[in-house]
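Q: using only what follows, build the 3D model:
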Amino acid sequence: MKCPSILLRAALPVAFLVLPVAYAQTNPAIAQVAYKVVDGTKVDGNTFLGWKTWRALDCERCHGAQQQGLVGPSLVDAFKTLDKTEFHRTVFGGRVAKGMPDFSSSQMMQKNWENLYAYLKGRSDGQIKPGDLQSMDPK
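A: Numbering: from 1, shown residues only. Below is the predicted model:
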């Protein structure tokens, strides 16, 4: 039974396999970050974990309590154009010459980098207010 599926995969053109990924990267409606927010302070569980990651890793010491920038750049401004790929590259490689540490050894960052991206994107979009958040998801 495994042979037909292997043959089917081998028969598919490479462009067919690559198209969905390329399409998602160039189509903002598909590549959009998923976060939910109500009244600016109640967010979905994943975005809440992103906010908790922000707090636990003390990102505000460089980027400011409201992500406005201090010694590090304003993330409210940066996330107007920063995509997930570049964000991932930055948090897992750092920008040591500019003072940005490499968080690749952080278990919390490994588990929550996409949640952190969603939180910061929500802040940049003006949908999530600065300060303490609450989770909408009961846990």
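
Q: and residue 33, what's its pLDDT?
A: For residue 33, the pLDDT comes out at 70.

Q: so how many other residues sit close to it?
A: Neighbour count for residue 33, taken as other CB atoms under 10 Å: 17. In this view, the C-beta of every residue, glycine as well, is placed from N, C-alpha and C.

Q: how much space is there between it and residue 70?
A: Using CB to CB, to the nearest Å, residue 33 is found at 24 Å from residue 70.

Q: now swap in residue 126 and tell me
A: According to CB to CB, residue 126 stands 20 Å off from residue 70.

Q: more neighbours: which of those two?
A: residue 70 (13 against 9).

Q: next one: that one, what pLDDT does it get?
A: So, for residue 70, pLDDT stands at 95.

Q: so which strand or helix has it?
A: Assigned by DSSP states H and E, residue 70 falls within no helix or strand.

Q: just residue 48 next, same as before
A: helix 45-56.

Q: which residues touch the helix or strand following that helix?
A: Sequence order places helix 60-63 as the next helix or strand after helix 45-56, per DSSP H and E. Residues outside helix 60-63 that contact it (CB atoms under 8 Å, 6 or more residues apart in numbering): 54, 67, 69-75, 99-100.

Q: kindly recompute the last result at 6 Å.
A: The contact list for helix 60-63, computed with CB atoms under 6 Å, 6 or more residues apart in numbering, reads 70-72, 75.
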